[in-house]
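Enquirer: kindly return the folded structure for what I paste below:
(one chain, ligands or ions: 1)
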Amino acid sequence: MKISDAMVAAINDQIKAEFDSAYIYLAMSAYFEDAGLEGMAHWMKKQYKEEVEHAEKFIDYLYERGARVIIPEIAKPKEAYADALEVFKTAYSHEQYVTSRIYKLVDLASSEKDYATLSMLQWFVNEQMEEEDNTGSIVSKLEFLGSDKHGVYTVDRELAAR
Ligand code: FEO
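Expert: Take a look at the predicted model:
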């Protein structure tokens, strides 16, 4: 079964969203490097690489379906944050937004009875659950610590192990 034009366009949009996510996390990594929080910088750099992998998964999928891939322009990410908590809160809500995008792709694939795309998307449904859990639990820790700088450095060391 040939993949529909609508599905190809929606996946191309998602390729852009994944590259935008990569850049958001790369900018967060640069923010943490500048703030001397090297563990958090390392964590965000890994996240950046994961997002590039997500984009590549969608690209390879479109190739497999014989569809045209459009390499997108990447949006300039935000650079300044108040503190580590604001960064991770932004990352957490960004992941919730990405999840809502993935669910819309699932809805489209379901409505078209495109079972191949649905099967590919299942990996992303599971991945989003993990991404929300990871960022959400760091937010909870930082919220609990509040202005405890020593605690924030402990979380920084913990995140260096990713
Ligand atoms: Fe590719 Fe973090 O979602």
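
Enquirer: any idea how far residue 23 lies from residue 129?
Expert: Taking CB to CB, to the nearest Å as the measure, residue 23 falls 23 Å from residue 129. All C-beta atoms are positioned from the backbone trio N, CA, C, and that covers glycine.

Enquirer: please say which of those two ends up with more neighbours.
Expert: Relative neighbour count places residue 23 above the other of residue 23 and residue 129, with 16 against 12, counting by other CB atoms under 10 Å.

Enquirer: show me which residues of this structure sit near the ligand.
Expert: Taking CB under 6 Å from any ligand atom, the part of the chain that reaches the ligand is made up of 18, 21, 51, 54, 95, 98, 131.

Enquirer: neighbours of the fifth one, how many?
Expert: Residue 95 has 22 neighbours, counted by other CB under 10 Å.

Enquirer: you'd agree it is up against residue 133?
Expert: No: shown here, residue 95 and residue 133 do not form a contact pair, counting by CB atoms under 8 Å, at 9.2 Å.

Enquirer: the residues of the chain next to the ligand into a markdown table, with extra columns for distance to residue 112, secondary structure and pLDDT?
Expert: A markdown table is the format used below for the residues of the chain next to the ligand (distance: CB to CB, whole Å; DSSP: H, G, I helix; E, B strand; the rest coil; pLDDT from 0 to 100):
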| residue | distance to residue 112 | secondary structure | pLDDT |
| --- | --- | --- | --- |
| 18 | 21 | helix | 98 |
| 21 | 25 | helix | 98 |
| 51 | 26 | helix | 98 |
| 54 | 22 | helix | 98 |
| 95 | 26 | helix | 98 |
| 98 | 21 | helix | 98 |
| 131 | 26 | helix | 97 |
